[in-house]
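In: pasted the sequence and its predicted model underneath.
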Amino acid sequence: MAGGTSGDARAVHEGILRRQSARESSARTYARALPIVPVRARGLTIEGADGRRYLDCLSGAGTLALGHNHPVVLEAIRRVLDSGAPLSVLDLATPVKDAFVTELFRTLPPGLAGRSRVQFCGPAGTDAVEAALKLVRTATGRTGILTFTGAYHGMTAGALAVSGGAADDQVTRLPYPQDYRCPFGVGGPHGAELAVRWTESLLDDPKSGVPLPAGMILEPVQGEGGVIPAPDDWLRRMRRLTADRSIPLIADEIQTGVGRTGAFWAVDHSGVTPDVMVLSKAIGGSLPLAVIVYRDDLDVWEPGAHAGTFRGNQLAMAAGTATLAHVRENALAERAAALGSRMLRQLAELSHAFPCVGDVRGRGLMIGLELVNPDADPTASRPVPPVGDASDAGEVAGLDGGGMGDMGGLGGAAVRPEPTRTPSPAAPELAAAVQRECLQRGLIVELGGRHASVVRLLPPLTISDEQATAVLDRLTDAVAAVARHHASHGPHQQRQACPAQHAG
């Protein structure tokens, strides 16, 4: 009887997947790499239609700050349903919305909370990005936008235009600092300083071809770009140079917000107050909600300048209020900082044990492992061929070590060039293999990064120590299995189609 029940469950599972493949768009992403059919979920755990259970470190691409079906979220939704309140109200004022805005403003960076406005947008974060771009263009009368290589801001036309994979003559892309694949080949504080100087040069050189822009948009931690945290000192420099030139700074906190990185908002790590914050994902408590919060002097829109039918989602506002309050009252951001640091330290050992793990990085409970091919020619992945040796890298970039006394946190004295680093080439086929091995072990992870070569962890902030240990054990076992297979078969046996990068 038990065997028959199990067989029936598998048949239901396979039938649903088969119909999905036959009926849904070829644009589907997660379903291709994660052939599961969730039917129940609580906290970190998902149960599939086939009866298998999984630890979910995808968390709705970071949407589920409290995990699946948290009691405080369910209770908030039930209260609205039982009250008879309208569920969709366009932009009308309601007690539910008032409570949400009050709780949201309670969490904002101090420099913004006292002088801000909020605009409710369509239900997706990408619509909030569109609103932010429209806002700064309207307020400044300018059109150009500064953005960064590796950025991901959404899937609508304007959001794609400021993301790393698109081209648009209204957008100027700047180097985003990172250590492992530094665009200048040096990494560290010196690489970040070169990125700052490049930005300053473009803005101040009258022949750079980059007129004064309407705004700058950045992610404090690039998520889809490969889990790359911005150095706090670099972010402070971006704030200073934009403020000095009257360029509104837009912080995209769609995935980094609500405690994810170990602070309530990722900009809090640096003490930076942006002019505009783009918020979605976790602020809706698992339901669709997106807003922008911005300085009141930017509020020059005419009525209806940005609208959306579903901007009045009362269930999402109630769930969001409960989530924001629970994270704040229970210090879950601090918990994410402590647990995330511990997990990163343990995962860093993988880069020493397995050559195919090129880098381990992250902030809080936003963690990434970059898989590389250690057998390939490492010069193939060098972003910029070095000119001369590392000792004259400063001269090549126009830096002679002088004039750096105003660098702020990037160093009061001259930053000495670091040795040129040559990371191994990205290995998307190994990352996909790790994802498959994780799924076989009951662990759901996401892929990201420039070449879909980064295994990403986005567990809920409510993950327990025991669950974190289980996640690390399963991930370590999966990496070990892939490393053994790679070592025994060689790269010529690892040729597989590169999976499409997931859209978060």
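Out: Thanks, I have the structure now. All values reported here derive from a predicted model rather than from experimental measurement.
In: state the mean pLDDT of stretch 118-134.
Out: Stretch 118-134 shows a mean pLDDT of 93 in the predicted model.
In: neighbours around residue 211, how many?
Out: 12 (other CB atoms under 10 Å). (Each C-beta comes from the backbone N, C-alpha and C, glycine too.)
In: residue 372 now?
Out: Applying the criterion other CB under 10 Å, we find 24 residues in the vicinity of residue 372.
In: any idea of the pLDDT on it?
Out: At residue 372, the predicted lDDT confidence score is 97.
In: that one touches residue 422, doesn't it?
Out: No. Using CB atoms under 8 Å, residue 372 and residue 422 do not qualify as a contacting pair, with a distance of 11.3 Å.
In: state the distance from the residue nearest the centre of the chain to residue 18.
Out: With distances taken as CA atoms, centre = their mean, residue 223 lies nearest the centre of the chain, 2.7 Å away. Between residue 223 and residue 18 the distance, using CB to CB, to the nearest Å, works out to 32 Å.
In: and residue 482, by the same measure?
Out: Distance from residue 482 to residue 18, counting by CB to CB: 28 Å.
In: those two: who's more crowded?
Out: Set residue 482 next to residue 18 and count neighbours by other CB under 10 Å: residue 482 wins out with 26 against 10.
In: report the buried residues of whichever helix or strand residue 15 is part of.
Out: Per DSSP states H and E: residue 15 is located in helix 2-23. Neighbour-count burial for helix 2-23, with 16 or more other CB atoms under 10 Å as criterion, is recorded at 9, 13, 17.
In: quick check, the first one in contact with residue 49.
Out: Yes. Counting by CB under 8 Å, a contact exists between residue 9 and residue 49, whose distance comes to 6.3 Å.
In: just to revisit the earlier point, can you tell me the closest non-neighbouring residue to the residue nearest to the centre of the chain?
Out: Closest residue in space to residue 223, ignoring its immediate chain neighbours: residue 255 at 4.5 Å, by CB to CB, 6 or more residues apart in numbering.
In: residue 125 too?
Out: In space, residue 125 comes closest to residue 280 once its chain neighbours are excluded; the distance is 3.2 Å by CB to CB, 6+ apart.
In: and that neighbour, how many neighbours?
Out: Taking other CB under 10 Å as the criterion, the count of residues near residue 280 is 28.
In: can you tell me how far residue 152 sits from residue 129?
Out: Taking CB to CB as the criterion, residue 152 is separated from residue 129 by 10 Å.
In: out of the two, which sits in the busier spot?
Out: For residue 152 versus residue 129, neighbours defined as other CB under 10 Å are more numerous around residue 129 (29 against 25).
In: pretty sure that one contacts residue 278?
Out: Yes. In terms of CB under 8 Å, residue 129 counts as a neighbour of residue 278; the distance is 5.6 Å.
In: so for residue 4, what pLDDT did the model give?
Out: Looking at residue 4, its pLDDT stands at 59.
In: check which residues of the longest helix seen in the chain are buried.
Out: Taking residue count as the measure and DSSP state H as the definition, the longest helix of the chain comes out as helix 465-489. By neighbour count, and taking 16+ other CB under 10 Å as the criterion, the buried residues in helix 465-489 are 467-468, 470-472, 474-476, 478-479, 481-483, 486.
In: and the pLDDT at residue 94?
Out: Predicted confidence (pLDDT) at residue 94: the value is 97.
In: if you skip the residues just before and after it, what's nearest to it?
Out: Leaving out its chain neighbours, residue 94 is closest to residue 314 (CB to CB, 6+ apart), at 6.5 Å.
In: that neighbour contacts residue 83, doesn't it?
Out: No. Residue 314 is not in contact with residue 83 according to CB under 8 Å; the separation is 9.6 Å.
In: flag the shaky bits of the stretch 101-250 of the chain, pLDDT-wise.
Out: Counting by pLDDT under 70, the stretch 101-250 of the chain has low-confidence residues at 165-169.
In: switch the cut-off to 80
Out: Low-confidence regions of the stretch 101-250 of the chain, defined here as pLDDT under 80, cover residues 155-169.
In: what helix or strand is the residue lying closest to residue 156 once chain neighbours are set aside located in?
Out: The shortest distance from residue 156 to any non-neighbouring residue, by CB to CB, 6+ apart, is to residue 126 (4.6 Å). When secondary structure is defined using DSSP H and E, the element that contains residue 126 is helix 125-140.
In: before we move on, the earlier item: I figured the residue nearest to residue 125 hits residue 122, correct?
Out: No. Residue 280 lies out of contact with residue 122 (CB under 8 Å); the separation is 9.8 Å.
In: overlap of the contact sets of those two?
Out: With contacts taken as CB atoms under 8 Å, 6 or more residues apart in numbering, residue 280 and residue 122 have 128, 290 as neighbours in common.
In: hang on, the earlier thing: same list, the buried residues of helix 465-489, but as CSV with distance to residue 95 and pLDDT please.
Out: Below are the buried residues of helix 465-489 laid out as CSV (distance: CB to CB, whole Å; pLDDT from 0 to 100):
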residue, distance to residue 95, pLDDT
467, 36, 98
468, 38, 98
470, 41, 98
471, 39, 98
472, 43, 98
474, 44, 98
475, 44, 98
476, 48, 98
478, 48, 98
479, 50, 98
481, 53, 97
482, 52, 96
483, 55, 95
486, 58, 85
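In: a markdown table for those residues, including distance to residue 341?
Out: A markdown table is the format used below for the buried residues of helix 465-489 (distance: CB to CB, whole Å):
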| residue | distance to residue 341 |
| --- | --- |
| 467 | 17 |
| 468 | 12 |
| 470 | 18 |
| 471 | 15 |
| 472 | 13 |
| 474 | 20 |
| 475 | 17 |
| 476 | 18 |
| 478 | 22 |
| 479 | 20 |
| 481 | 27 |
| 482 | 26 |
| 483 | 25 |
| 486 | 29 |
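In: from those, which is closest to residue 295?
Out: Checking those against residue 295 with CB to CB, the nearest one is residue 468 at 38.5 Å.
In: give me the neighbour count for residue 236.
Out: Counted with other CB under 10 Å, residues neighbouring residue 236 total 17.
In: any idea which helix or strand carries it?
Out: In the assignment (DSSP H and E), residue 236 maps to helix 232-244.
In: residues touching that helix, excluding its own?
Out: For helix 232-244, the external contacting residues (CB under 8 Å, 6+ apart) are 177, 189, 192, 195-196, 199-200, 203, 216, 218, 220, 247-249, 267, 269-274, 407-410.
In: and the next helix or strand after it, how far from the chain's centre?
Out: Toward the C-terminus, helix 232-244 is succeeded by strand 249-252 as the next helix or strand (DSSP H and E). Here strand 249-252 is found 13 Å from its chain centre; the criterion is CA atoms, centre = their mean, to the nearest Å.
In: send over strand 249-252 as CSV, restricted to the C-alpha atoms.
Out: In CSV, the C-alpha atoms belonging to strand 249-252 read as follows (Å, rounded to 0.1, in the frame of the first residue of the first chain):
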residue,chain,number,x,y,z
LEU,A,249,22.0,58.4,-5.9
ILE,A,250,19.6,55.5,-6.3
ALA,A,251,20.2,52.5,-4.1
ASP,A,252,18.6,49.3,-5.4
